[in-house]
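[1] Pasting a predicted model and its sequence here:
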Amino acid sequence: PVLMKLVEVVPAIQTNQEMVKFVKELITSWGKTVVVAKDTPGFIVNKVARPYYSEAIRILEEGIADIATIDSAMTQNGFKMGPFTLMDFIGHDVNYRVTESVWKSFFYDSKYRPSFTQLRLLEAGYLGKKSGKGFYNYNGDEQNLALDDEKLKQTIFMRIISMLINEAADTVWMQICNTEDVELAM
């Protein structure tokens, strides 16, 4: 939390709005960016980010592109990390469980369904960077080269970014947050 710039303030239904205002001002005075989210599964960031992971895994499972190419498609279009690199960085023990929790909490809505691909990594103990292996091998004995196919990468980027935009719009529509806060959070 010390390293994170963003803080999601999540008032309960009985929280006084003056308290929300006080907490926002206090956290802002610490140099943090503050957004307010309704108390729902995943709040803003973990809800809206689900398609970044799930759509990337679907593209992999559909055989459209490999892991390195999908990651490259996203980093070439402004993302700091590709979805597979980010899942490995977060850890499959954490990322899979968040996905599973959001899926269950939204009454098993199929758009949040966890993947067997990631579950198998978790079961094997391939947690990502912290265990030395996940979608990538961090022991240095494998190379992961992205395909040099700009048209394919643009298709991948558009598919994933469209899902992210839809999820952000859905989050605002569900009144989990306002448009300014989803923009700041994401």
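    Done, it's in.
[2] Run through who's touching stretch 43-54.
    6, 8, 10, 35, 37, 40-42, 74, 83, 86-87, 95, 98-99, 102, 111-113, 115, 118, 160, 163-164, 166-168, 171, 176-177, 181-182, 185-186 (CB atoms under 8 Å, 6 or more residues apart in numbering). In this view, the C-beta of every residue, glycine as well, is placed from N, C-alpha and C.
[3] Let's see that with 6 Å instead.
    With contact meaning CB atoms under 6 Å, 6 or more residues apart in numbering, stretch 43-54 is reached by 8, 10, 37, 83, 87, 98, 112, 163-164, 167-168, 171, 177, 182, 185-186.
[4] How about stretch 105-115?
    With contacts defined as CB under 6 Å, 6+ apart, stretch 105-115 is touched by 41, 50, 57, 96, 99-100, 102-103.
[5] Let's test this: mean pLDDT of it, rounded?
    Rounded to a whole number, the mean pLDDT of stretch 105-115 is 95.
[6] List the buried residues of it.
    Buried positions in stretch 105-115, judged by neighbour count with 16 or more other CB atoms under 10 Å: 106, 112, 114-115.
[7] do the same with stretch 59-71
    By 16+ other CB under 10 Å, the buried positions in stretch 59-71 come out as 59-60, 65-71.
[8] before we move on, the earlier item: of the contacts of stretch 105-115, which pair is most distant in space?
    Maximum pairwise distance among the contacts of stretch 105-115 (CB to CB): 19.4 Å, between Pro41 and Ile57.
[9] that older thread, now, which of the buried residues of stretch 105-115 sits nearest Phe79?
    Ser115 (19.7 Å).
[10] Name the pair among the contacts of stretch 43-54 with the greatest separation in space.
    Farthest apart among these by CB to CB are Val10 and Pro83. That separation is 25.2 Å.
[11] Starting from Ile160, give me the distance back to the residue positioned nearest the centre of the chain.
    Central residue check for the chain by CA atoms, centre = their mean: the C-alpha nearest the mean position is that of Ala49, 3.0 Å away. The gap separating Ala49 from Ile160 is 11 Å, by CB to CB, to the nearest Å.
[12] cool, Leu119 as well?
    Taken as CB to CB, the span from Leu119 to Ile160 is 21 Å.
[13] Compare the two (neighbour count), which wins?
    Ile160 (25 against 14; other CB atoms under 10 Å).
[14] The more buried one and Ile59 touch, don't they?
    No - using CB atoms under 6 Å as the test, Ile160 is too far from Ile59 to be in contact (7.6 Å).
[15] and Gln118, how many residues sit next to it?
    So Gln118, with other CB under 10 Å, has 22 neighbours.
[16] pretty sure it contacts Val98?
    No - assessed by CB under 6 Å, Gln118 is found out of contact with Val98, at 10.9 Å.
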